[in-house]
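Asker: The amino acid sequence is not available; the structure is as follows:
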Ligand SMILES: Cc1ncc(COP(=O)(O)O)c(C=O)c1O
């Protein structure tokens, strides 16, 4: 036994009571004892096996959900300067005016949305914590958060932590990855406080037409719930000008939009974003946030403000991912996949094969993913929540266009020989 394992066993054996104290929301006395293996762990294990079985074969990794580049040099330069300014040293609390003002300018320029930076915008330490905090503003035990599925789960997890329930709105290809609002029962509306949308949508790549947002706003006013649009991928819109939920008339009466610096500005690890919209919702969010963290480092906020003022940065990032996406769509189509250019995001969501000509069958996308990794050295992420789909991300590492093309050629060679089949 290794010394770390021995130390861990000693700790566990000498725990007379901590295991019995865990809250029910994280599993109670059974916390940490589940033997269920989560999908990302399964992917990791399959990758390890693929590397052990075929050490000579490069893994083609379309599973990474993070930008592959560093933030633009201009952003890093501002950070380098601001990090040395004494006035940036302290607690940032609910944020500095420079960032809120830059966010207001960004919303006006990009979407024609006029916001008061003081009362309608608040920063967050990346958008993930905003989804942990917004349920705290609204959810009492028994209340409902409506969430699109598949999707980013954080607001749902915290809704349950507060004793609320999640009502799932499936996103189906035949409905252009928009939820069917007419299918929601009235007794669900009676308990609903929050509806979380996400357009451009991850992982489906779907975008929402303004008419859909108009329907949501009408419904929110009639049934009285708050709408939150997750706009993390908004600057990676490919099917026209990016659309903000807040630019649709009436949106500012019913909700907020949460923006992130991660995807559109290559600032994943910097942890910056903002919540914008209805002043009362923004105020409640900032109160909960004030009781949870002390704000992002002011130098980071100032660097993020400089980023928001430079539209050429997201333009360059969008151009790169659009180019990579177009190449991937072509390769997948040539290899029999039903692949279409997504409306946005760096994810391509495509129907999972059901088997191979040589007799393999896949009951779920998870099985296809394991096969693709182990047999073909190609990593994807499975989604089995609303149909069986594979998610290919174009955030793979390739230092120039020639490297992208070489990777695509290798992908095509491996996939065309795999004999995948799609049976309904
Ligand atoms: C749809 C969606 N929303 C929100 C986030 C969180 O982004 P961040 O916390 O980096 O702003 C992600 C990140 O993967 C995402 O895909």
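Answerer: Right, received. Where do you want to start? Please read these numbers as outputs of a predicted model, since none were measured by experiment.
Asker: Could you pull out the buried residues of stretch 305-321?
Answerer: Residues 305-308, 310, 313-314, 317-318, 320-321 are the ones in stretch 305-321 that count as buried (16 or more other C-beta atoms under 10 Å). Quick note: C-beta positions are derived from backbone N, CA and C, even for glycine.
Asker: In helices, which of these appear?
Answerer: Counting by DSSP state H, these place 305-308, 313-314, 317-318, 320-321 in helices.
Asker: does residue 111 really touch residue 243, like I thought?
Answerer: Yes - counting by C-beta atoms under 8 Å, residue 111 does reach residue 243; the two are 7.4 Å apart.
Asker: before we move on, the earlier item: a markdown table please, covering the ones in helices among the buried residues of stretch 305-321 and showing distance to residue 83.
Answerer: Below are these laid out as a markdown table (distance: C-beta to C-beta, whole Å):
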| residue | distance to residue 83 |
| --- | --- |
| 305 | 15 |
| 306 | 13 |
| 307 | 15 |
| 308 | 19 |
| 313 | 20 |
| 314 | 24 |
| 317 | 24 |
| 318 | 28 |
| 320 | 28 |
| 321 | 29 |
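Asker: residues from the stretch 51-200 of the chain in reach of the ligand?
Answerer: Within the stretch 51-200 of the chain, the positions adjacent to the ligand are 65, 126-128, 152, 198 by C-beta under 6 Å from any ligand atom.
Asker: Can you give me the neighbour number for residue 356?
Answerer: As a burial measure, residue 356 scores 16 neighbours (other C-beta atoms under 10 Å).
Asker: pLDDT weak spots in this structure?
Answerer: In the predicted model, the chain carries pLDDT under 70 at residues 1-13.
Asker: those helices in it, which residues are they?
Answerer: Per DSSP H, the chain carries helices over the ranges 3-13, 39-53, 73-82, 97-111, 128-138, 154-161, 186-191, 210-223, 251-254, 279-290, 298-308, 312-334, 365-376, 401-416.
Asker: just those: most buried one?
Answerer: Of all these, helix 298-308 has the most neighbours on average by mean count of other C-beta atoms under 10 Å, namely a mean of 24.
Asker: Please name every helix or strand in contact with it.
Answerer: helix 73-82, helix 97-111 (3 or more C-beta pairs under 8 Å, 6 or more residues apart in numbering; DSSP states H and E).
Asker: Name the residues that touch the first one?
Answerer: Spelled out, it's helix 73-82. With contacts defined as C-beta atoms under 8 Å, 6 or more residues apart in numbering, helix 73-82 is touched by 70, 88, 265, 267, 298-300, 302-304, 306-307, 310, 313.
Asker: Domain map for the protein?
Answerer: 37-65+313-417, 73-310 (automatic domain parsing).
Asker: before we move on, back to that, list just the nearest of the contacts of helix 73-82 to residue 173.
Answerer: Proximity of the contacts of helix 73-82 to residue 173 (C-beta to C-beta) peaks at residue 265, which lies at 30.0 Å.
Asker: Without its sequence neighbours, what residue ends up closest to residue 43?
Answerer: The shortest distance from residue 43 to any non-neighbouring residue, by C-beta to C-beta, 6 or more residues apart in numbering, is to residue 63 (6.0 Å).
Asker: which residues does that neighbour contact?
Answerer: 43, 379-381, 393.
Asker: cutoff 10 Å now
Answerer: Going by C-beta atoms under 10 Å, 6 or more residues apart in numbering, residue 63 touches 40, 43-44, 47, 369, 372-373, 378-382, 390-393, 395-396.
Asker: now residue 405
Answerer: For residue 405, the contact set (C-beta under 10 Å, 6+ apart) comprises 327, 398.
Asker: give me that answer again for 8 Å
Answerer: residue 327.
Asker: Repeat that for the one 3 residues further on.
Answerer: For residue 408, the contacting residues are 327-328, 331, taking C-beta under 8 Å, 6+ apart as the criterion.
Asker: how about a markdown table for these, with distance to residue 190 added?
Answerer: Converted to a markdown table, those look like this (distance: C-beta to C-beta, whole Å):
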| residue | distance to residue 190 |
| --- | --- |
| 327 | 48 |
| 328 | 44 |
| 331 | 48 |
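Asker: for those, which one is nearest the ligand?
Answerer: Within the contacts of residue 408, the smallest distance to the ligand is 18.3 Å, found for residue 328 (C-beta to the nearest ligand atom).
Asker: I'd say the closest one and residue 394 touch.
Answerer: Yes - contact between residue 328 and residue 394 holds when scored by C-beta under 8 Å: they sit 5.7 Å apart.
Asker: anything in contact with each of the two?
Answerer: Jointly contacting residue 328 and residue 394 under the rule C-beta under 8 Å, 6+ apart are 62, 348.
Asker: Show the backbone phi and psi for the residue lying closest to residue 213 once chain neighbours are set aside.
Answerer: Residue nearest to residue 213 in three dimensions, not counting chain neighbours: residue 248, with 4.3 Å by C-beta to C-beta, 6+ apart. With angles defined as degrees, to the nearest 10, residue 248 sits at phi -90, psi 130.
Asker: burial of residue 248, as a residue count?
Answerer: 21.
Asker: What of residue 126?
Answerer: Neighbour tally, residue 126, other C-beta under 10 Å: 20.
Asker: now do residue 378
Answerer: Each residue near residue 378 was counted by other C-beta under 10 Å, and the total is 23.
Asker: Next, the contact list for it, please.
Answerer: Residues near residue 378 by C-beta under 8 Å, 6+ apart: 59-60, 62, 372, 411, 414-415.
Asker: run the last query once more with 10 Å
Answerer: The contact partners of residue 378, by C-beta under 10 Å, 6+ apart, come to 50, 59-63, 369, 371-372, 390, 392, 410-411, 414-415, 418.
Asker: hey, what's it bridged with?
Answerer: Note on residue 378: beta-bridge partners by DSSP bridges are residue 60.
Asker: Share the number of residues neighbouring residue 418, please.
Answerer: Residues lying near residue 418 (other C-beta under 10 Å) number 19.
Asker: check contacts around it.
Answerer: 335-336, 353, 356-358, 360, 371-372, 375-376, 378.
Asker: Now stretch 255-271: buried residues?
Answerer: Under the neighbour-count criterion of 16+ other C-beta under 10 Å, stretch 255-271 has 255-268, 270-271 buried.
Asker: how much space between the closest residue to residue 300 other than its chain neighbours and residue 78?
Answerer: In space, and not counting its chain neighbours, residue 300 is closest to residue 270: 5.6 Å by C-beta to C-beta, 6+ apart. When distance is defined by C-beta to C-beta, to the nearest Å, residue 270 is 12 Å away from residue 78.
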